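In: sequence-free structure coming up:
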């Protein structure tokens, strides 16, 4: 049973297109995250939702819009894709209200913009 | 803002060699510390974590890490590496009151048989 799943695993698209990546967790966690891993393997937080409420919004272009229909899902929609958006996007989740928690990561979505 | 430094970008070892990967963070205060591993083609998995108590923490697969508060460090160690340890290793820090993790840039470990 996959704890944090993402679809699709690979996404190849052209500049200017709009695409979405989906994330689902079956751990019962309240908080979900999106991280971006660039070509140098550097992981950086983009967004975080807690119970469908946006709690972290780092300096990310407005073309990126997260959506959380319920606490088990956090999707990432990207408008007008650019070459620099090529990266691996990781979804993660963690429980709320517990001080000693770690984050559980999904398998990643490799986005290639041509 | 918090930053995390992993000074070893690429480490090549022979099997049975000892491993130590460095991790330093910039901002003090109460922190939670993590090491994650990413095997080729796989997702990030937690190796070990430190929240409080004994600064020497043991994780899975024979890994351990030592938190030295005075040095803002959380170095990862393993006495004898195996070929299957070939992977990317990430150090991460979370400051109290902040949910997101701040990651280092990762260290690629290559173990030669």
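Out: Good, I have the coordinates. Here the structure is a predicted model, which is why all the values come from computation and not from measurement. Numbers count the residues shown, from 1 in each chain, chains lettered A, B, ... in the order given.
In: for residue B:52, which residues are in contact?
Out: Taking CB atoms under 8 Å, 6 or more residues apart in numbering or on different chains, we find residue B:52 in contact with no residue. Every residue, glycine included, has its C-beta placed from N, CA and C.
In: for chain B, what are the low-confidence residue spans?
Out: Within chain B, no stretch has pLDDT under 70.
In: which residues of chain B lie near chain A?
Out: Residues of chain B found near chain A (CB under 8 Å from any CB of the partner chain) are B:32, B:34, B:36, B:42-46, B:49, B:51, B:88, B:90, B:92, B:99-103, B:105-106, B:108.
In: filter those residues down to the ones in helices?
Out: Using DSSP state H, no member of the residues of chain B next to chain A falls in helices.
In: give me the buried subset of those.
Out: By neighbour count, with 16 or more other CB atoms under 10 Å in any protein chain shown, the residues of chain B next to chain A hold B:32, B:34, B:36, B:43-44, B:46, B:49, B:51, B:88, B:90, B:92, B:99-103, B:105-106 as buried.
In: contacts for the helix or strand of chain A with the lowest mean pLDDT next, please.
Out: Lowest mean confidence among the helices and strands of chain A (mean pLDDT, DSSP states H and E): strand A:53-57, at a mean of 83. With CB under 8 Å, 6+ apart as the test, strand A:53-57 has contacts from A:31, A:33, A:45, A:47-49, A:66, A:68, B:99-100.
In: can you list the strands that that strand pairs with?
Out: strand A:43-50 (antiparallel) (DSSP bridges).
In: so for the partner strand, what's the average pLDDT?
Out: Strand A:43-50 shows a mean pLDDT of 90.
In: give me the average confidence score over stretch A:90-105.
Out: On average, stretch A:90-105 scores 81.
In: first-to-last residue distance for that stretch?
Out: Using CA to CA, to the nearest Å, one end of stretch A:90-105 lies 7 Å from the other.
In: so how far is that stretch off the chain centroid?
Out: Counting by CA atoms, centre = their mean, to the nearest Å, stretch A:90-105 is centred 14 Å from the centre of its parent chain.
In: and if you look at stretch B:13-30?
Out: Centroid separation between stretch B:13-30 and its chain, computed with CA atoms, centre = their mean, is 5 Å.
In: who touches it?
Out: B:1-8, B:11, B:31, B:33, B:35, B:71-83, B:85, B:89, B:91, B:93, B:95-96, B:102, B:104, B:107, B:109-113.
In: mind listing the strands for the chain?
Out: I went with chain A, as the question did not name one. Taking DSSP state E as the test, the strands found in chain A are A:4-7, A:10-13, A:19-25, A:31-37, A:43-50, A:53-57, A:64-70, A:73-78, A:87-94, A:104-105, A:109-113.
In: chain B was what I was after
Out: Ranges of strands in chain B, per DSSP E, are B:4-5, B:10-14, B:19-21, B:24-25, B:31-38, B:44-50, B:56-58, B:64-68, B:73-78, B:87-95, B:102-103, B:107-112.
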